[in-house]
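Visitor: just to be clear, the model below is a prediction. Sequence and coordinates:
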Amino acid sequence: MNVHTVATDKAPAAIGPYSQAIVAGDTIYVSGQIPLDPQTGELVSQDVAVQIEQTLKNMAAVLNAAGSAMDCVVKVEIFLKDMTDFPILNEIYGKHFAGSTPPARQAIEAARLPKDVLVEISCVAVKCEA
């Protein structure tokens, strides 16, 4: 099986010893994305809605670099700092997966996330036409 790493400057660089994504055959494993601006590496906002939007944009950029797209995501894992933000998450998340079959998903409240962000999202996708 062909396995390779994915790296793009359109999403934040890894902040540790891991890859933005790994492609194994036709499956793409995207590492947890957080709401950092890809150009500056800085947190985009303290507002949870802005953080969720940026995190999903970063995830889409990594997927695109891997030869995939949001429509080809099959599983999503979401970590929220505060589960009371779940309705906001659902509203924004739904816009990014509108018109497609929603992927399987889990959302977990986490005591603390990297760089003290409010959200982190990872996914598994398959290769597809963007």
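Guide: Yes, it's here.

Visitor: rest of the way, CA atoms for contacts and neighbours
Guide: Noted.

Visitor: quick one: the helices in the protein?
Guide: Assigned by DSSP state H, the helices in the chain fall at 48-65, 86-96.

Visitor: so can I have TSV of those showing distance to Pro17 and mean pLDDT?
Guide: As requested, the helices of the chain are exported to TSV (distance: least, Cα to Cα, whole Å; pLDDT from 0 to 100):
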stretch	distance to Pro17	mean pLDDT
helix 48-65	17	98
helix 86-96	28	97
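
Visitor: list just the one of the ones you listed that sits closest to Thr8.
Guide: Checking the helices of the chain against Thr8 by Cα to Cα gives helix 48-65 as the closest, at 6.3 Å.

Visitor: can you point out the buried residues in that closest one?
Guide: Burial within helix 48-65, assessed by neighbour count using 16 or more other Cα atoms under 10 Å, is assigned to 48-49, 51-65.

Visitor: list of residues touching that helix?
Guide: Judged by Cα atoms under 8 Å, 6 or more residues apart in numbering, the contacts made with helix 48-65 from elsewhere in the structure are 6-8, 10-12, 20-21, 28, 30, 33-38, 44-45, 69-70, 85, 88-89, 92-93, 96, 117-122, 125, 130.

Visitor: equivalent analysis for stretch 73-82, please.
Guide: By Cα under 8 Å, 6+ apart, the list of residues contacting stretch 73-82 from outside reads 86, 102-113, 117-126.

Visitor: stretch 96-116 too?
Guide: Counting by Cα under 8 Å, 6+ apart, stretch 96-116 makes contact with 34, 56, 70-71, 73-83, 119-120, all of which sit outside it.

Visitor: buried subset of those residues as a PyMOL selection?
Guide: Listed next is the PyMOL selection for buried residues among these, using 16+ other Cα under 10 Å:
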select buried, resi 34+56+70+71+73+74+76+78+79+80+81+119+120
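
Visitor: so which of the contacts of stretch 96-116 sit within strands?
Guide: Counted as lying in strands by DSSP state E, out of these, are 73-80, 119-120.

Visitor: thanks a lot, catch you later.
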